[in-house]
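Participant: have a look; sequence and predicted model below, questions after that.
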Amino acid sequence: MQRRLLSFVLALGLLVGTAAVAQTGEREIRSGVIEQITETQMASNHHRGLGAVVGGVAGLGLGSLIGAGTGRDVAMVLGTLGGALTGNEIQKKRDQPEPGQQIIVRVTSGVLVMVTQPVDSRLRQGQPVYIEGSGDGARVIPR
């Protein structure tokens with residue numbers, strides 16, 4: 001029984017140690033030269049639906065101040081719906097596209113990599129750069 005417990009504890013320690021190493025936050029950095037930069041529009045980074053949630057909560061709070069009993073319940077439901085719709089419309093007006101750059105980089109292996117990111121005025125065609133990260137988190141930075 002003690003051997004099994006000892007084996008379990010050692011295996012658990014090894015698993016926890018491996019997980020700690022995997023979470024060090026290492027990121028891949030590639031290098032290359034900018035082939036092309038195209039101006040573009042990026043979707044806003046505001047959280048979709050946040051206006052509706054905040055508006056709904058505010059409407060619920062206001063509706064709870066009206067009446068009593070069933071009338072109060074109806075006021076709370078109507079306040080939540082009205083607040084959600086109003087909050088959503090307000091957020092739509094604020095969520096305007098932001099200026100960005102679509103950058104094509106030829107990395108040292110010869111592969112072309114395209115990254116879309118906010119405008120960085122330091123970047124020019126033909127400039128040596130690093131590509132930090134991957135996927136949606138990738139960014140082109142000057143070398």
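Facilitator: Nice, thanks for sending it over.

Participant: domain parsing for the protein?
Facilitator: Listed domain ranges for the chain are 25-43+98-142, 50-94 (source: automatic domain parsing).

Participant: rank these by pLDDT, which is bottom?
Facilitator: Note on those: domain 50-94 shows the lowest mean pLDDT, a mean of 81.

Participant: quick revisit: comparing the domains of the chain, which comes out most buried?
Facilitator: Burial of those is given as mean neighbour count (mean count of other CB atoms under 10 Å); domain 50-94 ranks first at a mean of 16. Quick note: C-beta positions are derived from backbone N, CA and C, even for glycine.

Participant: what's the offset of that domain from the middle of its chain?
Facilitator: With CA atoms, centre = their mean, to the nearest Å as the basis, domain 50-94 stands 27 Å off its chain's centre.

Participant: could you point out the longest strand of this protein?
Facilitator: Assignment by DSSP state E gives strand 29-42 as the longest strand of the chain.

Participant: list the helices and strands the helix or strand just after that one packs on?
Facilitator: Downstream of strand 29-42, the next assigned helix or strand under DSSP states H and E is helix 50-63. Using 3 or more CB pairs under 8 Å, 6 or more residues apart in numbering; DSSP states H and E, the elements in contact with helix 50-63 are helix 69-94.
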